[in-house]
Structure formats: C-alpha cells, structure tokens
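Student: dropping a prediction and its sequence here:
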Amino acid sequence: MLAHPDYFEQALVAEPDAFRKSDDFDLAFGEGLASVEGEQWQRQREAMEEFFYPGRIRSYVDEMASVTATRLDGWDDGETVSLLTQAKALTLENLMATLFDRPLDPDGDAELRQAVADLNLWFKPTSWVLPDAVPTPSRRRFDRAVETIQSEARRMLDEREAEGTGDDLLSTMVEQRREGAGGLSDAEIVDQVGTLLFAGHDTTALALTYGLHALSRHPDVRDRFHAELDAVLGEERPTLGDLPDLDVTERILTEALRLYPPVHTIPRTTTRPVTVGDYRVPEGRLCHLSIYRMHRDPRFYDDPGPSVPSDGASSRHSRSVTPTRRSARDRGRASDDGSRCWRRPSSSRWSASGTNWSRAILSTSPRR
C-alpha cells in the first residue's frame, strides 16, 4: 500500500509505465477511458476532454439545477429516504441529461438504472479471491448489466446516426468518427458510455451522501451552510454566478472529500522492478495507492481526523489532497483517475440539494 504524495506522483505522473492499471478495469470497462493506457488513452482523452472544460461545464449548470429540482420536488416533509439511493438516482439523471441528451424518467427507466447499479457487483469482495472465470451470481448479474448498458449505448448511437448529431458528448464522438479525425470506433464509443455511467455518477453520489452525513454530525456547521444558501440563493435555483459566493459550501465539500474520498484507493500493478521510497517492489506486484490513508495522515495534516467541515484540516504537502487538478496528459498516460473538474458541478448539485435535504430524516450511519 502506497500512501505518500511522492509515491502518487511517481506512479501516476513520473513513472506511469512502471505501474499499469488493474485487470479489473479491462474486464469492467472494456476499451473505456478508465481502462486503456498509452496512445489509446491519449486519443480517447483528446476526443472527450472538451466536454470537461470549464466553459462546457458552465453550460450544464442550468440543466443540472432543473434535474435536481425535479427530484427534490418528489421528497415529502417528514419522509425518510435513503440518501445514497436518492443521490445515485440524481447524479445518473444529471449525467444522462448533460452528456448524452437522454433525460431519464424520474420514476422510470428501471432496467437501465438497475444495470448501472449492478456494475458495482464486479468489485464485490468475492471478486478479490475467486478466479475471474468463476460465474458467481453477482458476476452473472454484472454481465447482464453490461449487456443492458451496451444495448442502450448502441441504441443511442443508432439514433444519432439516423437523426443527425447534436451538441452532446455522444453526438460529438459520432461526428468525430465520421470526419475520420482520430475519432473513436463504435466499440470504443459504446465502452465510453458504460465507463461514464459508472464512474461519472457513483463517485459524485458518494460525495453528496457522505458530505450531508458529515453535516448531520455538525449542527453548527449545518446552520452556517443553510444560512449561506438562504443569503445567496433565497428561494431561487443556483446558477453558475452564485457559486463564487458559496464559500462555506465549497469548504464543506472539500473537507468532506478529504475525509470520505469516494475513490479510496487506486490499484496499479508493477510492470517491472521499481524502487518506491526505501523499498524495492518486484515486477507483477499489486500496489494500492491509498487516498483515504493519505488524507488522514498526521505527516501531512495538522489535524487529520474529522474536524469542523467548514474549516478543514491544514495540509503540509502541496499534493496531499486528491482529486488533483494536475494532469499528466503531456506524458501520454492516464494519471488523473479523478475528474479535474469535480468541484464546480458537484457544488451546483450540493447547493441545490442543500436547501431541501433537512426535510428528510437522515441516518447518522450512511450505508453503501
């Protein structure tokens, strides 16, 4: 297990050729961005990255606020809800509407929703000890989920081919392929849909859930959070222009991500013998880059344990917090497993849901 910023830098930026991605990524995501490496990763990233630039993300905010309002309107005063279930539904609806121009029915699309949820089954603990060929019940459900998602991706792809392209990510990938300018193949496009459906909503849902859980344990900070929302938003939906004024909200979210990182570890396998710190790691050794441990390490934080979320722990190391905005794109290797733009879109959903979350009765022990 590697839990030092310098080791993260070495594995993800300085020597990425010595640390390849886990085979689980290939099995789960095929030729998606999360699993490919080298030149193929570089080509895929260049085809998709414009949709994650700040300018493009700005265009998502109004749609995200609308989708969020629709889901929150379904909550009743005094009702008990599963926050994680609601957060996953919300983030999936936002992703489908913004990246694929395919709005989900808030009370429908059950098959697709279940398939996306079942992608988690590949990472159940039984997968860590049993050979890949063992057809456990969870793996069979996972295989069916992949088939469902691939079928929906092909349907959307055929729709773009027949009706023309729009301005969403899927349409742009189809247009790039038509122009023959380094575009993705049909198989790659289908696998991108599955990758984004899983990685693009599950992590944000966990961030929302654990962030609101942290607020439930700090009533004084929760009151400051609500006061800021009342002062900045009032009864209005959040807009992009509101986000710079949501300072308390931003600090709460950042501290929640430090304490409860949605991706707690990044697996890598060494491709050759490599020296990490004072240790010599043999070829073929599985290494886990532990985000969780690094975020709570007293070597890097004056007060690494749970603290008042709006204040945050003081970091002693410039690279001791992930997700990072630093990119290794010029090295032709995938190093940024987290989104470079996680803060702003999450803040938009956070502020929208924050005005309503106290209407529900929340458990003090979030369960995944």
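Tutor: Perfect, thanks for sending it. This is a predicted model, so every value here is computed, not measured.
Student: distance between stretch 119-126 and the chain's centre?
Tutor: Its chain's C-alpha centre and that of stretch 119-126 lie 17 Å apart, by Cα atoms, centre = their mean, to the nearest Å.
Student: contact partners of the helix or strand H288 falls within?
Tutor: For H288, the element it lies in under DSSP states H and E is strand 286-290. Here strand 286-290 makes contact (Cβ atoms under 8 Å, 6 or more residues apart in numbering) with 1-3, 7-8, 11-12, 19, 22, 264-270, 276, 281. No exception for glycine: its C-beta is placed from N, CA and C like everyone else's.
Student: check which helices and strands whichever helix or strand comes after that strand sits against.
Tutor: For strand 286-290, the following helix or strand on the C-terminal side (DSSP H and E) is helix 291-295. Secondary-structure packing of helix 291-295 (3 or more Cβ pairs under 8 Å, 6 or more residues apart in numbering; DSSP states H and E): strand 265-270.
Student: now do the strand it packs on against strand 286-290, angle only.
Tutor: 150 degrees (axes from the mean of the first three to the mean of the last three Cα atoms, to 10 degrees).
Student: ok, and the closest non-adjacent residue to Q192?
Tutor: Once flanking residues are discounted, Q192 sits nearest to G32: 5.5 Å by Cβ to Cβ, 6 or more residues apart in numbering.
Student: what's the neighbour count on that neighbour?
Tutor: When neighbours are defined as other Cβ atoms under 10 Å, G32 has 23 of them.
Student: is it in a helix, a strand, or coil?
Tutor: What DSSP: H, G, I helix; E, B strand; the rest coil gives for G32 is coil.
Student: please tell me how far it sits from T70.
Tutor: For G32, the distance to T70 equals 29 Å [Cβ to Cβ, to the nearest Å].
Student: what stretches of the stretch 51-200 of the chain score poorly on pLDDT?
Tutor: 127-128, 165, 180-182 (pLDDT under 70).
Student: how about the helices in it?
Tutor: When assigned using DSSP state H, counting those that start in this stretch, the helices of the stretch 51-200 of the chain occupy the ranges 54-58, 61-72, 83-99, 110-118, 126-129, 137-163, 169-179, 186-216.
Student: can I get these in a markdown table including mean neighbour count and distance to I291?
Tutor: Output for the helices of the stretch 51-200 of the chain, formatted as a markdown table (neighbours: other Cβ atoms under 10 Å; distance: least, Cβ to Cβ, whole Å):
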| stretch | mean neighbour count | distance to I291 |
| --- | --- | --- |
| helix 54-58 | 13 | 23 |
| helix 61-72 | 19 | 25 |
| helix 83-99 | 22 | 20 |
| helix 110-118 | 17 | 23 |
| helix 126-129 | 12 | 18 |
| helix 137-163 | 16 | 24 |
| helix 169-179 | 18 | 27 |
| helix 186-216 | 22 | 11 |
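Student: let's have these in TSV, adding distance to H226.
Tutor: Formatted as TSV, these follow (distance: least, Cβ to Cβ, whole Å):
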stretch	distance to H226
helix 54-58	26
helix 61-72	15
helix 83-99	17
helix 110-118	30
helix 126-129	41
helix 137-163	38
helix 169-179	35
helix 186-216	9
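Student: to V232, which of the ones you listed lies closest?
Tutor: Among these, helix 61-72 comes nearest to V232, with 13.6 Å by Cβ to Cβ.
Student: distance of the nearest residue to V116 once chain neighbours are set aside from D101?
Tutor: Counting by Cβ to Cβ, 6+ apart, L197 is the residue found nearest to V116 once chain neighbours are left out, at 5.1 Å. Here the criterion is Cβ to Cβ. By it, L197 lies 14 Å from D101.
Student: now do A65
Tutor: Going from A65 to D101 by Cβ to Cβ gives 17 Å.
Student: and of the helices of the stretch 51-200 of the chain, who's closest to D245?
Tutor: Nearest to D245 among these is helix 61-72; the distance by Cβ to Cβ comes to 14.2 Å.
Student: just how off-centre is the closest one within its chain?
Tutor: Put simply, helix 61-72 sits 18 Å off its chain's centre (Cα atoms, centre = their mean).
Student: who are the packing partners of it?
Tutor: The contact analysis (3+ Cβ pairs under 8 Å, 6+ apart) places helix 61-72 against helix 83-99, helix 343-354.
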